[in-house]
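Trainee: Predicted model follows, preceded by the sequence.
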Amino acid sequence: MTYFRATDPFPLESADHTKLHEFYTRLAAGRLATTRCAGCRRLAWPPRAFCGECGADRFDWVDLSGEGTVHAFTVQETGLPAGFQGPRVFAIVKIDGLRVFSILVDADPAKVAIGSAVRLSPLRVADDPGGSARWLPAFRLA
Amino acid sequence: MRKVALVGAGVSRFGVRKASYRDLIWEAGKACFDSVPAVKPKDVEGLVVGSVMPERTAFQSHISSLAAEALGIRPSALSARTEHMCASGTVGIRYAYAFIAAGLADLVMVLGVEKLNQPAGEEAILNMGTGVDREWEASFGLTAPPCFALAAQRHMAQYGTTEEQLARIGVKNHTHASKNPNAHFQKGATLAQVLGSRMISSPLRLFMCSPITDGAAAVLIASEDRARSLTDKPVWIRGTAQALDGFQLTSLHEDYAHWPALARAAQSAYRMAGVTARDVNVAEVHDCFAIAELIAYEELGFCGKGEGGPFAAQGRSDYGGDVVVNPRGGLIGCGHPLGATGVAQAAEVYAQLRGEAGARQAPDAAIGLTHNNSGMGEHVVMIYGRDAG
Ligand SMILES: [Zn+2]
């Protein structure tokens, strides 16, 4: 392998590492979830453990529908970071009134348009250093 | 508050440099001290170093002390590093300004430095992902180009902005860079070359993007009394402002063609300086991508919202137009060594307002502006004047 200062591009998702582990547990089961503030009932994206509006740190987990539409997108062909392949479709997905940044997997770039219907397609990435599976909330054309 | 001025400036050669992190500090420091012979390193009371990722690119922290020692500066009033992604340099200038205006220091150097190129090219790009949210953005492989491409897509859809109008900004800045011996690119570019260059992230092509560049820049900033004792042509800091819309892409204005934080920063900097957009003769704006310069025209008030494309195509941002934008070649032509960029912008305005910019001189430049951003959601604007105001 080429000389490299090693790095892990993916978050540590387990309960040992993040207050948001429930998000990843549900994602592994095919569900897209986020937090609703227990103080002001505000729905957040991405999920968060402290509410910047009311200051509460209590929250409930809420499942989203997992189906949305493309609000904006771009296709990156070259210049991607090590370990990521082009062409890569980056998109802002509108889902249940929230804007979610993600990628569209297995998408023919020519078939993507603003307004295209998409659905959640959890993407398994490299296991964490402890051997636990990791997932990212990716989407695909519906 | 006391008045504050630039009294010296220097930049290293920008490019893919056969040079270490410390080599670049030496080059910019030397060029800056050479610009004001009355100042020796021991006279400098403070140092602020803008640098984003030496932990990854040089495996090095403790940056301000390293740079102070490299240059023979023994800080007695201020020593700090600013990390604020692409705007780190200008944020450092704001700190120096505040210390001096408050009377806590009289002479401070602000130096920006970045050694981005690595033995493995793909690592340099990987490192750029540290500037976006690791958990919710960078984990997907996001770096800057797709962010700004999303803004370009929206601007084209909403205002009919064309690829050719974006390309005009690439042509202008590459052409300006050809007159700057320190620029990364020296050959200029034609419209056909820009439109024919390879696609990076639709609709942004290679020559509409800033490259991965190594470089450093330094300025010396002084209180009014010290400034007048060191030079007969101080360049005064007349206004400074910073504003944030958000960090993650999904926290920004829903339409990425709108950057409200830039408009807010510009208005408060203009107000502080007692000037308007129309008074600006020369502007160094943050053209990390051509669309960023185009949107900056609008949010800075050089033209109306949605008019950035025609403004570029009609040459109104070039010599002979309303305002000379990016005379040194911008980030597209000079490259973008993150922490160095904002300081290099200040160095260019320093030369322009002193009438010392040579082949790049904007005629009768009295008011200069710099705009440095950290992503689309955070903006820093500085106003400089030939007169103290
Ligand atoms: Zn709340």
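Mentor: Arrived safely. Numbers count the residues shown, from 1 in each chain, chains lettered A, B, ... in the order given.

Trainee: contacts, neighbours, all on C-alpha from now
Mentor: Fine.

Trainee: what about the helix or strand encompassing residue B:123, near chain A?
Mentor: Secondary structure from DSSP states H and E places residue B:123 in helix B:121-128. Yes: judged by CA under 8 Å from any CA of the partner chain, helix B:121-128 comes into contact with chain A at B:122-127.

Trainee: I'd like these laid out as JSON lines, including pLDDT and neighbour count.
Mentor: Output for these, formatted as JSON lines (pLDDT from 0 to 100; neighbours: other CA atoms under 10 Å in any protein chain shown):
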{"residue": "B:122", "pLDDT": "81", "neighbour count": "17"}
{"residue": "B:123", "pLDDT": "85", "neighbour count": "23"}
{"residue": "B:124", "pLDDT": "89", "neighbour count": "21"}
{"residue": "B:125", "pLDDT": "89", "neighbour count": "21"}
{"residue": "B:126", "pLDDT": "89", "neighbour count": "21"}
{"residue": "B:127", "pLDDT": "92", "neighbour count": "19"}
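
Trainee: gap between residue B:354 and chain A?
Mentor: 39 Å (CA to the nearest CA, to the nearest Å).

Trainee: Nearest residue to the residue in the stretch 151-300 of chain B that chain A sits nearest to in space, please, no chain neighbours.
Mentor: Using CA to the nearest CA, residue B:201 is the residue of the stretch 151-300 of chain B that sits closest to chain A, at 4.0 Å. In space, residue B:201 comes closest to residue A:76 once its chain neighbours are excluded; the distance is 4.0 Å by CA to CA, 6 or more residues apart in numbering or on different chains.

Trainee: Next: residue B:116.
Mentor: residue B:214 (5.5 Å).

Trainee: Look at stretch B:279-297 and report the distance between its end residues.
Mentor: 14 Å (CA to CA, to the nearest Å).

Trainee: mean confidence score for it?
Mentor: In this model, stretch B:279-297 has a mean pLDDT of 98.

Trainee: Mind checking if it is in reach of chain A?
Mentor: No: judged by CA under 8 Å from any CA, stretch B:279-297 makes no contact with chain A; its nearest approach is 13.8 Å.

Trainee: Could you pull out the buried residues of stretch B:233-252?
Mentor: B:233-245, B:247-250, B:252 (16 or more other CA atoms under 10 Å in any protein chain shown).

Trainee: Kindly export that stretch (C-alpha atoms) in PDB.
Mentor: Extracted in PDB, the C-alpha atoms of stretch B:233-252 (Å, rounded to 0.1, in the frame of the first residue of the first chain):
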ATOM      1  CA  LYS B 233       1.800  54.500   3.600                       C
ATOM      2  CA  PRO B 234       0.000  52.400   6.200                       C
ATOM      3  CA  VAL B 235      -3.000  50.500   5.000                       C
ATOM      4  CA  TRP B 236      -5.800  50.900   7.500                       C
ATOM      5  CA  ILE B 237      -8.200  48.300   8.800                       C
ATOM      6  CA  ARG B 238     -11.500  50.200   8.500                       C
ATOM      7  CA  GLY B 239     -14.000  47.400   9.000                       C
ATOM      8  CA  THR B 240     -14.200  43.800  10.000                       C
ATOM      9  CA  ALA B 241     -17.100  41.400  10.400                       C
ATOM     10  CA  GLN B 242     -17.900  37.700  10.600                       C
ATOM     11  CA  ALA B 243     -21.200  35.800  10.300                       C
ATOM     12  CA  LEU B 244     -22.400  32.300  10.400                       C
ATOM     13  CA  ASP B 245     -25.500  30.600   8.900                       C
ATOM     14  CA  GLY B 246     -24.400  27.100   9.900                       C
ATOM     15  CA  PHE B 247     -21.900  24.300   9.700                       C
ATOM     16  CA  GLN B 248     -23.600  21.300   8.200                       C
ATOM     17  CA  LEU B 249     -25.000  21.600   4.700                       C
ATOM     18  CA  THR B 250     -28.500  20.900   5.900                       C
ATOM     19  CA  SER B 251     -28.300  23.800   8.400                       C
ATOM     20  CA  LEU B 252     -27.700  26.500   5.700                       C
END
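
Trainee: what is the mean pLDDT for that stretch?
Mentor: 97.

Trainee: picking that back up, mind checking which of the buried residues of stretch B:233-252 are in helices?
Mentor: Secondary structure from DSSP state H places none of these in helices.

Trainee: Now the phi/psi pair for residue 65, please.
Mentor: You didn't pick a chain, so chain A it is. phi -70, psi -30 (degrees, to the nearest 10).

Trainee: wrong one, I was asking about chain B
Mentor: The phi/psi pair for residue B:65 (degrees, to the nearest 10) is phi -70, psi -40.

Trainee: Now the residue nearest to residue B:116: phi and psi?
Mentor: Dihedral angles for residue B:214 - degrees, to the nearest 10 - are phi -100, psi 140.

Trainee: Residue A:99 now?
Mentor: The phi/psi pair for residue A:99 (degrees, to the nearest 10) is phi -110, psi 130.

Trainee: That one is in contact with residue A:44, isn't it?
Mentor: No: at 9.8 Å, residue A:99 does not count as touching residue A:44 under the criterion of CA atoms under 8 Å.

Trainee: higher neighbour count, these two?
Mentor: residue A:99 (22 against 15; other CA atoms under 10 Å in any protein chain shown).
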